[in-house]
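**Student:** sequence first, predicted model second:
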Amino acid sequence: MSKVGPKPKYILDGKPISLREMSERSGLSKTTIGLRLNKGFSVKEAMTLPRGMGAYRKKEPEIFYKGRRATISEWSKITGLREDTIRARWNARWAAESILEKPERICVEESGCHPLYSVWHGIVKRCTHTSNPKYPDYGGRGIKMCDRWLNDFWAFVEDIGTRPSEKHSLDRIDPNRNYEPDNCRWANPTEQSRNTRRATTVTIKGMEVTLHELCEALEIPYKEMKSRLDRGMSIPVAISRGFQV
């Protein structure tokens, strides 16, 4: 019984072709051809470009489907799917029909490829999974995710919007309330550090503010002010001593 070889993953002139066959026909290494294919070059381009050209050149990937060849951004406009959804499926080597025809909900449920999926799933685990290391600080003290978000990932995406940058994380405005639309925002590290249960708060004229906010308003150094308060000084005395700014 003859041994069955690996199933070809690529098509050239309507016929399947393997990476090894491409290498043998072109005289190029499989590594070079593989790099070109990963950068979005067609099979023919990967095999015919001269050595040293194209392997590291960026090119928008093209997907051929139903007699039409278009880039990911073009298919996004045609289908209404998000570009990152199409790109994630393309990188996972999904068939063109699956890439462009399956609803985005399928992409999330099968591979979690939406950029906010990990944010949503992390909150779910912190609030509902007793085995999660962070559960005692969240679900363990009564913090929950609202039913609208817990039962529908896309409702979460709709309410919370796009993350402004990779440095931003989801912050609860009131750390003692649940994850729900009117209590969540995108915050940078500085904003979030001031809004934790451990943030130092002070009372000025009957108003409770964080020490960070007080120091910013008075333009005085936070570390020195906190050091004085930690040594037992009252706020008026600590301020009256003056600071070297």
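**Tutor:** Yep, it's here.
**Student:** next SSE downstream of the helix or strand of the chain with the lowest mean pLDDT?
**Tutor:** One helix or strand of the chain scores below all others by mean pLDDT, DSSP states H and E: helix 104-111, with a mean of 60. On the C-terminal side of helix 104-111, the nearest following helix or strand under DSSP states H and E is helix 117-128.
**Student:** list the contacts of that next one.
**Tutor:** Applying Cβ atoms under 8 Å, 6 or more residues apart in numbering, the external contacts of helix 117-128 come out as 108, 112, 132, 134-135, 137-139, 143-145, 149-150, 153, 156-157, 163, 169-170, 179. No exception for glycine: its C-beta is placed from N, CA and C like everyone else's.
**Student:** am I right that I63 is in a helix?
**Tutor:** No. Read with DSSP: H, G, I helix; E, B strand; the rest coil, I63 is strand and lies in no helix.
**Student:** OK, contacts around the most centrally placed residue in the chain?
**Tutor:** Geometric centre of the chain, nearest residue: P115, 3.7 Å, by Cα atoms, centre = their mean. Neighbouring residues of P115 by Cβ under 8 Å, 6+ apart: D84, R163.
**Student:** distance of it from H168?
**Tutor:** Between P115 and H168 the distance is 12 Å, computed by Cβ to Cβ, to the nearest Å.
**Student:** now Y138, what are its backbone angles?
**Tutor:** Dihedral pair for Y138: phi -120, psi -90, per degrees, to the nearest 10.
**Student:** number of nearby residues for it?
**Tutor:** 21 (other Cβ atoms under 10 Å).
**Student:** same check, this time on I72
**Tutor:** Counted with other Cβ under 10 Å, the neighbours of I72 add up to 20.
**Student:** repeat that for the one 5 residues further on.
**Tutor:** K77: 11 surrounding residues under other Cβ under 10 Å.
**Student:** could you shift the numbering so residue one becomes 40, and keep it that way?
**Tutor:** Happy to do that; since the first residue is 40 now, the last one works out to K116.
**Student:** does S115 touch R126 like I think?
**Tutor:** No. Using Cβ atoms under 8 Å, S115 makes no contact with R126, being 9.1 Å away.
**Student:** ok, back up a step: distance of the residue nearest to the centre of the chain from R121?
**Tutor:** In terms of Cβ to Cβ, P154 sits 9 Å off from R121.
**Student:** swap in R75?
**Tutor:** Using Cβ to Cβ, R75 is found at 26 Å from R121.
**Student:** higher neighbour count, those two?
**Tutor:** R75 (24 against 16).
**Student:** tell me the helix or strand right after the helix or strand where the more buried one lies.
**Tutor:** Assigned by DSSP H and E, R75 belongs to helix 69-77. Next along the chain after helix 69-77, taking DSSP H and E as the criterion, comes helix 82-87.
**Student:** and that next one, how far out from the chain's middle?
**Tutor:** Centroid displacement of helix 82-87 relative to its chain, using Cα atoms, centre = their mean, to the nearest Å, is 33 Å.
**Student:** residues of it that come out buried?
**Tutor:** Across helix 82-87, burial judged by 16 or more other Cβ atoms under 10 Å covers V82, A85, M86.
**Student:** any chance you could list what contacts that helix?
**Tutor:** Y49, I50, L51, I56, M61, R64, S65, L67, I72, R75, L76, G93.
**Student:** show me those that map onto strands.
**Tutor:** Cross-referencing these against strands under DSSP state E gives Y49, I50, L51, I56.
**Student:** closest to M264 out of these?
**Tutor:** Nearest to M264 among the ones in strands among the contacts of helix 82-87: Y49, at 64.8 Å, using Cβ to Cβ.
**Student:** residues contacting stretch 111-123, please?
**Tutor:** 99-100, 102, 104, 109, 125-126, 129, 138-139, 143, 152-154.
**Student:** for the record, mean pLDDT for that stretch?
**Tutor:** Averaging pLDDT along stretch 111-123 gives 86.
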